[in-house]
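K.L.:
Sequence and predicted structure below; questions after.
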Amino acid sequence: MATEQMERDADELVVLLVGLAVGSLVLFLVVVLPLALTLGRRVQHAEQGRARLLRHVLLASDLERRRIAAVLHDGVVQDLAGMGYALPAVAAALPPEAEAPGVRGVLDRLTDLVCDDVSKLRQLLVDIHPPDLDGDGLASSVQELVANEATAGAIEAEVRVAADLGLTSDAARLAYRVVREGVRNVVKHAQAEHVSVDIGRSGGLVLVRVSDDGRGPVPGRDAEAEGHLGLRLLRDAVRDLGGRLDLASVAPVGTELSAAFPASLSTR
């Protein structure tokens, strides 16, 4: 009898302890769950506010770039281009008696300098405010960009842009920026003979790859730590817009810069 009583007491104690444990957990959930929900809503609101702020910043930056591009194109570039046309006429109009030694040579050098500056400013305008990238504009703009950079770097280039990507204007601009940064890094740093650019789409993501057969990143060293500020800024921008940017060595030699981000990207 004593053993049976002890077993009953033990069972009652177990039931009591289980009840206390369950009750404590229920009470804990009653107290903590509202706090967790409130905290979750605050985090969500903070993320939404950060996303709105980022969209406003990018929109303001785009508008400012357009304004600067318009000022340069309608002012400085036009004035310098006019000087480039006028200087040869001035040189041709010099009378023989006024043609002191070296004058014509100075005018020729000034003409070359002005024409070179106009060319650089026009390239800067493309960097500040890329051409129309909607529809088929992205493919043609990327082709032109890569061709110009490859010619300047004396390397071969190959470009593949999938048809009917269906990108928003902001996604197309980001794809163009990734290609520009990747190809310029190849020309400046990779000592490559060939660069390949691919732009495609997988589901709701844009996939951009810039690969080369040159000197890859030094093992154990971050390319960003070697002074590639543009790459770091680009990686931050892609991440903030819901994407990812990676730089990796590929076998047997070379480097691949790859980016994936939403095709429906909008900063508006």
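P.N.:
Good, I have the coordinates.

K.L.:
chain center to the helix or strand hosting V106, what's the gap?
P.N.:
In the assignment (DSSP states H and E), V106 maps to helix 103-128. The chain centre lies 29 Å from the centre of helix 103-128; the measure is C-alpha atoms, centre = their mean, to the nearest Å.

K.L.:
ok so V159 is a strand residue?
P.N.:
Yes: applying DSSP: H, G, I helix; E, B strand; the rest coil, one finds V159 inside a strand.

K.L.:
Return the residues in contact with the spatially closest residue to it that is not a sequence neighbour.
P.N.:
Leaving aside its chain neighbours, V159 sits nearest to V197 (4.7 Å; criterion: C-beta to C-beta, 6 or more residues apart in numbering). Backbone N, C-alpha and C define where each C-beta goes, glycine included. By C-beta atoms under 8 Å, 6 or more residues apart in numbering, V197 lies in contact with 142, 146, 157-160, 179, 182-183, 208-210.

K.L.:
could you redo those residues as CSV and give each row pLDDT and neighbour count?
P.N.:
Output for the contacts of V197, formatted as CSV (pLDDT from 0 to 100; neighbours: other C-beta atoms under 10 Å):
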residue, pLDDT, neighbour count
V142, 90, 24
V146, 91, 22
A157, 94, 21
E158, 94, 12
V159, 95, 19
R160, 95, 12
V179, 93, 26
G182, 93, 28
V183, 93, 27
V208, 96, 25
R209, 96, 19
V210, 96, 25
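
K.L.:
which residues of this protein fall in strands?
P.N.:
Using DSSP state E, the strands found in the chain span residues 156-161, 194-202, 205-212, 244-249, 255-262.

K.L.:
got those as CSV, with distance to L39 columns?
P.N.:
Below are the strands of the chain laid out as CSV (distance: least, C-beta to C-beta, whole Å):
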stretch, distance to L39
strand 156-161, 45
strand 194-202, 35
strand 205-212, 31
strand 244-249, 27
strand 255-262, 27
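
K.L.:
Closest to the mean position in this protein, which residue would that be?
P.N.:
When C-alpha atoms, centre = their mean is applied to the chain, the residue found nearest the centroid is L234 (4.0 Å).

K.L.:
For that residue, which residues are in contact?
P.N.:
177-178, 181, 245.

K.L.:
By neighbours, which of those wins?
P.N.:
The residue in those with the most neighbours, by other C-beta atoms under 10 Å, is V178 (26 neighbours).

K.L.:
how much space between that one and T38?
P.N.:
39 Å (C-beta to C-beta, to the nearest Å).

K.L.:
just for the stretch 151-268 of the chain, where's the confidence low?
P.N.:
Confidence mapping of the stretch 151-268 of the chain against pLDDT under 70 gives the ranges 216-228, 267-268.

K.L.:
90 instead?
P.N.:
151-153, 163-174, 177, 184, 187-192, 203-204, 214-242, 248-254, 263-268 (pLDDT under 90).

K.L.:
Wait, V118 touches A81, no?
P.N.:
Yes: the criterion here is C-beta atoms under 8 Å, and V118 meets it with A81 at 5.3 Å.

K.L.:
Can you pick out the residue with more neighbours from the two?
P.N.:
Taking neighbours as other C-beta under 10 Å, V118 and A81 compare with V118 leading, 19 against 16.

K.L.:
Can you tell me which of the contacts of L234 is closest to S169?
P.N.:
Relative to S169, the closest of the contacts of L234 is R177; by C-beta to C-beta it sits at 12.7 Å.

K.L.:
gap between the residue lying closest to that closest one once chain neighbours are set aside and L247?
P.N.:
Ranked by C-beta to C-beta, 6+ apart and with sequence neighbours excluded, the top spatial neighbour of R177 is L234, at 6.6 Å. From L234 across to L247, the span is 10 Å (C-beta to C-beta).

K.L.:
Equivalent analysis for Y176, please.
P.N.:
18 Å.
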